[in-house]
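Peer 1: Return atomic coordinates for the entry below.
(chains A and B)
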Amino acid sequence: MKTEKIKLSEIAYARSGDKGDGSNVGIAAYTNEGYEILRRELTAARVKQHFAGIALGDVDRYEAPNMLALNFILHDSLGGGGSESLKTDAQGKTHGIGLLRMEIEVPVGVKLK
Amino acid sequence: MPSSRSPVLVANGQGFWGDSPLGPLRLVREGPLHYLTLDYLAEVTMSIMQKQKRRDPNAGFATDFVKMLERVLPLCMEKGVRIVANAGGVNPSACRRACAEVVRKLKLPGVKIGVIEGDDILARLPELIASGEEFKNLDTGEPLSKVLQSVECANVYIGAFPIAEALSKGAHIVIAGRCTDPALLGGPLVYEFGWRPEDTEKLAAATVAGHIIECGPQCTGGNYSNWRDVPNLAKIGYPIAECREDGSFVITKHEGTGGLVDTKTVASQLLYEMGDPKRYIGPDIVADFTSIQMKQDGRDRVRVTGVRGAPATPTYKVSIAYRKGYKAQGQLTIAGPDAVEKAKLCADVVFERLAMDNCNFAPEERLVELIGTGVCHAGIVNNADPVEVVLRIGVKSMDEKKVARFGYEIAPLVTSGPPGVTGFAGGRPAPAEIIAYWPALIQKNKIQTNVTVEEVQL
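Peer 2: Residues are numbered from 1 along each chain as shown, chains lettered A, B, ... in the order given. This is a model prediction of the structure:
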C-alpha cells in the first residue's frame, strides 16, 4: 500500500483550553476514514512525545466517536496554570493547533476531507 | 407550568469578563430573542472582586454588566427579553443596587430584579470544616487547612434551579453569583418547560446547549481551525440556542451576521475544556457528551438531539482561590541580526545583575521566553534565527520585595545591553499577587440558596 506524509491539519480540526495546571486538546476528524486514522495513530504515548517540550506530566486519552473526536488531557503543561503561570500561553489556547502540526503517514487515496 | 412558546430562544452575549460590548447589543437589536445570558466570571475574577469588596462594601461585582445594562435594558424591556447574568460576583446585593440605579436613571417602570445568594461560603469555611468538610484539592488531594489562612474567596457552583425560581417570581433581570456557565441557559429552560430535578435527559441536554453557547462566538466560527472558511469575523454573530421541551435544540445566530455555524464549529466548542466526555459533571446532572447527535439543519443552523445523562452527584463543586505569592513579567524587543543570541545574553544579564544585589530566583521561579522562536509550540517547531524576537522574562516568589526588585533591571538593557534592544513600554514591571485556584467539593445538603425578587421603585 502506497502511503504519503501529511499534517494532521489536513484531516482534522482541534480546540484546546485549560484544565487546572493541565490543558485539554480535543481533535476531530473530517471523515470516518480520518477518524480511524486518528484512533490508530494518536496514542497517548505519541501525543505525549509530540508535546514533550510543553507537557511535563502524563497524557490521558478519551474517545468521542459521535464527534469523530479524541480528547487528550496534557497534565502539567501550563507552568502552574491560572495566575501562577509565567508562560505566554498560560491557558493552553494554542495546544490544539500545535497538535495539528503533527505529521503522520496515511494511505494514498483515502477520503480525508 | 409548561411554556406556551416553543422554541425558547436563549442567547449568550458575553463569554467572559472582558468580552466585546457589541455581543449583547447586537443580539438584542438584530433579531428575535427571549433570554439574554451573560457570563462574567472566571476563577480569578472572583478573587479580584473579593479584594474590591474588602476596600469598598458596595463593590465586588461585574461593573461592566451595569454599564451594559444601561445600553440594552430599554430594548430588552420593550421586546420582552429577560436577562440572566452571573454578574453578582461576591456581592450580588450590591450589584442589584447598582442595577436599580440604572433602572431609575432610565425611568423604566415595573422592572423586577432577582438576586441569588448562598453560593458564597467564605465566611462559613471554619464552620463547614468543623462539620467535616475537608475541601480536599481535587488535583492534589490535600486538605484546605493547608492554605486556609491565605484563602481569598470560596464559592459554590450552583445550578439552574435557583435561576428558574427567580424567573418564576417575575424577575426581568436575574443576578447570580457563582453559578455554572451552562446554568445561565438551564435556568430559563427549567422555568419555561417546568422541568424537575429528575428530568435527567432534558437537564443534560440543557447543560450541553449551555456549554456550547457559554463562550459566545467560540461556537459560531471564532477560534476555529479552518478560520479561512469563516466569513466576516468582524461582524461575527453571537450564539443563540433554539430550545424545545423535548430537550432538542438548534444552535444558530441572527441572520445577516458574520461567522459560521456548522457541525464542526459546534463540535469545536464541545471539545473545549473537555475532560472525560462520558462524564461532564454539572450541579444538576452528569451529561454524556458521547451521546450528542448533531445535524446541519439549513444554513448556520445545527440541530442537536439524543443527549443522555445520569443523575446529579451528591456534591457541588467549590471554587476556592488563595494567595500564593507574587509575580512580575517584563518584555523587550530585540532586533536582529543575531536576535536570539542577543536576547539570551539580555536574560543572563538581568539575572546576573539581580544576583549582584542579593536577589536570586530559583529555576522554577523564573521563565525566559524568546517570542518568535516558537514558544507556544516548544519542541514542535523552532525558528532558530528570526529577524527579531520579543524577550519576555517572568519571575515569581513569595517575597514581594524580590519581585519588585526584578522590575528595575528590564529597562536598563536598552542602554547597557547589546545593540537593537527596544520596545520598553508600559512602565516598570510591578509585582502582581498570584491567586491560585483550589478546586474542591462540598455536600449539597450544606448549601441553601436564597432567591429574592424586588421591583425597582422609581
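
Peer 1: Run through who's touching the helix or strand that contains residue A:49.
Peer 2: Assigned by DSSP states H and E, residue A:49 falls within helix A:44-50. Contacts with helix A:44-50, where a contact means CB atoms under 8 Å, 6 or more residues apart in numbering or on different chains, come from A:25, A:55, A:58-61, A:72, A:74, A:98-99, A:102, B:380. The C-beta positions use only the backbone N, C-alpha and C, and glycine is treated the same way.

Peer 1: What distance do you get for the residue of chain B found nearest chain A to residue A:92?
Peer 2: Per CB to the nearest CB, residue B:379 is where chain B lies closest to chain A, at 2.0 Å. As judged by CB to CB, to the nearest Å, residue B:379 and residue A:92 stand 14 Å apart.

Peer 1: re the thing from before, surely the residue of chain B closest to chain A is in contact with residue A:77?
Peer 2: No - contact criterion CB atoms under 8 Å: residue B:379 and residue A:77 do not qualify, at 11.3 Å.

Peer 1: who touches both of those two?
Peer 2: Common contacts of residue B:379 and residue A:77 (CB under 8 Å, 6+ apart): A:51, A:54.

Peer 1: so who does residue B:107 touch?
Peer 2: residue B:458.

Peer 1: same check, this time on residue A:65
Peer 2: A:35, B:290.

Peer 1: Outline the domain layout of chain B.
Peer 2: Recorded structural domains for chain B (assignment: automatic domain parsing) are B:8-119+B:157-313, B:325-435.

Peer 1: and the end-to-end length of the longest one?
Peer 2: Using CA to CA, to the nearest Å, the end-to-end distance of domain B:8-119+B:157-313 comes out at 28 Å.

Peer 1: Would you confirm that residue B:320 belongs to a strand?
Peer 2: Yes - per DSSP: H, G, I helix; E, B strand; the rest coil, residue B:320 lies within a strand segment.

Peer 1: In space, what's closest to it - neighbours in sequence excluded?
Peer 2: Spatial nearest neighbour of residue B:320, chain neighbours left out: residue B:438 (4.0 Å); criterion: CB to CB, 6 or more residues apart in numbering or on different chains.

Peer 1: likewise residue A:38?
Peer 2: residue A:29 (5.2 Å).

Peer 1: how about stretch B:373-382: buried residues?
Peer 2: By neighbour count on 16 or more other CB atoms under 10 Å in any protein chain shown, the buried set for stretch B:373-382 is B:373-378, B:380.

Peer 1: quick one on the thing from earlier: would you mind identifying the next helix or strand past the helix holding residue A:49?
Peer 2: Next element after helix A:44-50 (DSSP H and E): strand A:59-64.

Peer 1: Who are the contact partners of the residue nearest the centre of chain A?
Peer 2: Central residue of chain A (CA atoms, centre = their mean): residue A:99, 4.2 Å from the mean position. If you count contacts by CB under 8 Å, 6+ apart, residue A:99 has them with A:8, A:14, A:16, A:25, A:27, A:47, A:50-51, A:72.

Peer 1: what's the answer for residue A:29, then?
Peer 2: Residue A:29 sits next to A:11-12, A:35, A:37-38, A:68-69, A:112 when contact means CB under 8 Å, 6+ apart.
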